[in-house]
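Undergrad: Predicted model, plus sequence, below.
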Amino acid sequence: MKFGLQLGYWMAQPPANAGEIVVAAEAAGFDAVFAAESWGSDAFGPLAWWGSRTERVRLGTSVVQLSARTPAATAMHALTLDHLSGGRAVLGLGVSGPQVVEGWYGQPFAKPLQRTREYVDIIRQVLAREAPVTNSGPHYPLPYAGEGALGLGKLLKPIVHPLRADLPIWLGAEGPKNVALTAEIADGWLAIYYAPRLANMYNDWLDAGFARAGARRTRDDFEIAASCQVVITDDAASELERMRWVMALYIGGMGAPELNFHAQVYRRMGYDREVDEIGRLFQSGKKAEAAALVPDELILDTAIIGDQEHVRDQLKVWEAAGVTMMLVSVPDVEQLHRLAPLVD
């Protein structure tokens, strides 16, 4: 079982201690450091800045939002980071949701699976640098010949020779069709709100992708990085109380009421009634009441909270379920050092 550090995305201000946490994670034997983006800080900048203080850990995006950049622009970011880090980049991609895609980026959200397939194919063409990059698909046509085109578009290869044609591409996916696509075209799955008790269901989704003609990987060489709150504490009750507010936000507020992918994840776990009530209260402004309705078992399905022995035992459960990397967040170096003895 490998450990990855999830820096996440910034809140109102940049985190003051992220640099020292990154350095401490590498010293503790963590395999990778990941950064995210929402509608504020980007994912590549922090990796280049804080990653420059490291020598070994992989530097990954978890995730870069497809609609934030064209496929070619994302490929440029990835190949640049890969060169600067000496071949340590991992490109994690995700579609985000319609509120962000249409409200922040001004792009249509429709057909996310088709868009993802085209996006990844273009990036792989850039990294391979075997021929000028072209795409006949409707979402990212190259050359562009649509409305407003001058008809002068030129097919190009990157000026820079990418360091690795096989730079790993991982996809953030939550639903069955997206997970199957991930197994088909990607090198790894960035799983959010993974529940080990549902491993058989996830395996069915993954196997559907691995079985497709031309699938890039098999289960033996495919990585599953699960985001998980792993907290070593003697006061589990306080930690559960804190996380109730986080879960209420994601279930009730991180997505439109009629289309919230995070809420759908918990419905698949069997929490339909709780999701309905949490969403209703949160959307009506009753956030404290919504948080109070989040049951302990909902949190503990996707998190590990307890003393060191309990955490160690639970990590074995996640590993047995197929997870190859635990992607964890820590508030400070002290909490990271508590996790360090559990890192292989």
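TA: Structure received.
Undergrad: Helix, strand, or coil at the nearest residue to residue 160 once chain neighbours are set aside?
TA: Leaving aside its sequence neighbours, residue 160 sits nearest to residue 79 (C-beta to C-beta, 6 or more residues apart in numbering; 6.2 Å). (Each C-beta comes from the backbone N, C-alpha and C, glycine too.) Following DSSP: H, G, I helix; E, B strand; the rest coil, residue 79 is assigned to helix.
Undergrad: Give me the contact list for the least confident helix or strand in the chain by mean pLDDT.
TA: When the helices and strands of the chain are scored by mean pLDDT, DSSP states H and E, helix 261-268 comes last with a mean of 83. Helix 261-268 is contacted from outside by 97, 174-175, 192-193, 198, 201, 250-252, 254-255, 274-275, 279, 298, using C-beta atoms under 8 Å, 6 or more residues apart in numbering.
Undergrad: do the same with stretch 183-190
TA: With C-beta under 8 Å, 6+ apart as the criterion, stretch 183-190 contacts 62-63, 90, 92, 94, 116-117, 120-121, 168-173, 179, 182, 205-210, 212, 214-217, 222-225, 227, 327.
Undergrad: which among these end up buried?
TA: 62-63, 90, 92, 94, 116-117, 120, 168-173, 179, 182, 205-206, 208-210, 215-217, 222-225, 227, 327 (16 or more other C-beta atoms under 10 Å).
Undergrad: Go through those residues and flag which are in strands.
TA: With DSSP state E as the criterion, strands contain 90, 92, 94, 169-173, 223-225, 227, 327 from among the buried ones among the contacts of stretch 183-190.
Undergrad: I'd like the residues you listed as TSV, with pLDDT and distance to residue 42 appended.
TA: Converted to TSV, those look like this (pLDDT from 0 to 100; distance: C-beta to C-beta, whole Å):
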residue	pLDDT	distance to residue 42
90	98	16
92	98	13
94	97	14
169	98	18
170	98	18
171	98	19
172	97	16
173	95	21
223	98	23
224	98	25
225	98	20
227	94	19
327	97	19
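Undergrad: Can you say which of the contacts of helix 261-268 are buried?
TA: For these, a burial check counting by 16+ other C-beta under 10 Å picks out 97, 174, 192-193, 198, 250-252, 254-255, 274-275, 279, 298.
Undergrad: Please tell me how far the residue lying closest to residue 154 once chain neighbours are set aside sits from residue 72.
TA: Sequence neighbours aside, residue 143 is the residue nearest to residue 154 in space, at 6.8 Å (criterion: C-beta to C-beta, 6+ apart). Residue 143 sits 11 Å away from residue 72, going by C-beta to C-beta, to the nearest Å.
Undergrad: quick one, which of the two is more surrounded?
TA: residue 72 (18 against 15; other C-beta atoms under 10 Å).
Undergrad: residues contacting that one?
TA: Residue 72 neighbours (C-beta under 8 Å, 6+ apart): 122, 126, 133, 142.
Undergrad: buried set for the helix or strand containing it?
TA: For residue 72, the element it lies in under DSSP states H and E is helix 71-84. By 16+ other C-beta under 10 Å, the buried positions in helix 71-84 come out as 71-72, 74-82.
Undergrad: And these, which is closest to residue 306?
TA: Ranked by distance to residue 306 (C-beta to C-beta), the buried residues of helix 71-84 are led by residue 81 at 36.3 Å.
Undergrad: any idea of the pLDDT on the nearest residue to that closest one once chain neighbours are set aside?
TA: Leaving out its chain neighbours, the residue that sits closest to residue 81 by C-beta to C-beta, 6+ apart is residue 89, at 4.5 Å. Residue 89 is assigned 98 on the pLDDT scale.
Undergrad: just the CA coordinates of the helix holding residue 72, formatted as PDB?
TA: Below are the C-alpha coordinates for helix 71-84, written out as PDB (Å, rounded to 0.1, in the frame of the first residue of the first chain):
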ATOM      1  CA  PRO A  71      -6.400  19.100 -24.500                       C
ATOM      2  CA  ALA A  72      -3.300  20.600 -26.200                       C
ATOM      3  CA  ALA A  73      -2.800  23.100 -23.400                       C
ATOM      4  CA  THR A  74      -3.100  20.500 -20.800                       C
ATOM      5  CA  ALA A  75      -0.600  18.300 -22.600                       C
ATOM      6  CA  MET A  76       1.800  21.300 -22.700                       C
ATOM      7  CA  HIS A  77       1.500  21.700 -18.900                       C
ATOM      8  CA  ALA A  78       2.000  18.000 -18.300                       C
ATOM      9  CA  LEU A  79       5.100  17.600 -20.500                       C
ATOM     10  CA  THR A  80       6.600  20.800 -19.000                       C
ATOM     11  CA  LEU A  81       6.100  19.500 -15.500                       C
ATOM     12  CA  ASP A  82       7.500  16.100 -16.500                       C
ATOM     13  CA  HIS A  83      10.700  17.600 -17.800                       C
ATOM     14  CA  LEU A  84      11.100  20.000 -14.800                       C
END
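Undergrad: Measure how that helix sits relative to strand 89-94, angle-wise.
TA: Interaxial angle, helix 71-84 versus strand 89-94 (axes from the mean of the first three to the mean of the last three C-alpha atoms, to 10 degrees): 150 degrees.
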